[in-house]
Each structure stands twice: as C-alpha cells, then as structure tokens.
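**Student:** I would like to see how this sequence folds:
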Amino acid sequence: MIIKKLAILFLACSCNYTLLAKNSNINELEKRVTYLEKQVADLKKNSINNTLKTKWENLRIGENKINIINELGNPDRIGKYPNGDEIWGFKNFTLKFDKNGKLQNWSEPFSK
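**Tutor:** Predicted coordinates:
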C-alpha cells in the first residue's frame, strides 16, 4: 500500500515537473516572439522612413504632378490658393505647386 502511494506520488511529481518545464519553455517562446515582433515593426518603420527619405530627396523643382503621383502616390489632401497654386498634403510632408502644376517647394518629412 505504501509502495502504491509512493509510486503515485512519484508519478504526480514527475508529471508536475514536466508541466512546469513545458510552461517555462512556452513563456520563453512567448518572450522571444514578442521581442521579434518588435524588431520587425522597427525594421518596417525604418524601411518606410528610408524609402520616403529617398523619394523626398529625389524631388526637383519644376516636376509635374503626374510624375509626383507616379513616385509618391496620391496625396492625402489637396488645398487650392486663390491664385491657382495648390498644396498637397501627404502623411509626413507637403508639396506646393504653381498654377501650371509644376512643383515649387516642399516641406521636409516629419519624423515619426
């Protein structure tokens, strides 16, 4: 009878240890996944900022709107001045065009 109780106790302890070890592994994996997800998010942000910076650095005074749209996409918002000039607002910067649709100037990208 005592041997059966000891055997059951031994089995219960060894099973409990196995469960604790598995929980520990799961916790470590969850921490690694969280860390890797943060790294991926940071890399995406840096990649987007670098791409934006490159495109912004390639802007030239006198470029037409079609070239800008092909390079940067459609603006988030457009404003018109009484003299016919336009201002295009993108998420991180603005562009100003003259009444003939030629790029006059632009703002430096806002950092995130």
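**Student:** domain assignment for this protein?
**Tutor:** The record's domain parsing of the chain by automatic domain parsing lists 1-58, 61-112.
**Student:** which secondary element of the protein has the worst mean pLDDT?
**Tutor:** In the chain, no helix or strand scores lower on mean pLDDT, DSSP states H and E than helix 2-57, which sits at a mean of 72.
**Student:** ok, then the element right after it?
**Tutor:** Counting by DSSP states H and E, the element after helix 2-57 in chain order, helix or strand, is helix 65-72.
**Student:** what's that following helix in contact with?
**Tutor:** Helix 65-72 is contacted by residues 55, 58-59, 88, 90, 95, 97, 101, 103 when judged by C-beta atoms under 8 Å, 6 or more residues apart in numbering. (Each C-beta comes from the backbone N, C-alpha and C, glycine too.)
**Student:** now for the next helix-or-strand element following that helix, which elements pack on it?
**Tutor:** Proceeding C-terminally, helix 65-72 gives way to strand 77-80 as the next helix or strand, assigned by DSSP H and E. With contacts defined as 3 or more C-beta pairs under 8 Å, 6 or more residues apart in numbering; DSSP states H and E, the packing partners of strand 77-80 are strand 86-89.
**Student:** buried residues in the strand it packs on?
**Tutor:** For strand 86-89, the neighbour count (16 or more other C-beta atoms under 10 Å) marks 86-88 as buried.
**Student:** and those, which is closest to Glu63?
**Tutor:** Within the buried residues of strand 86-89, proximity to Glu63 (C-beta to C-beta) peaks at Trp88, which comes in at 12.0 Å.
**Student:** I'd say the closest one and Gly101 touch.
**Tutor:** No - at 10.9 Å, Trp88 does not count as touching Gly101 under the criterion of C-beta atoms under 8 Å.
**Student:** sorry, back to before: pick the most buried one from the domains of the chain.
**Tutor:** domain 61-112 (a mean of 14; mean count of other C-beta atoms under 10 Å).
**Student:** for that one, give the mean pLDDT please.
**Tutor:** Mean pLDDT, computed over domain 61-112, is 90.
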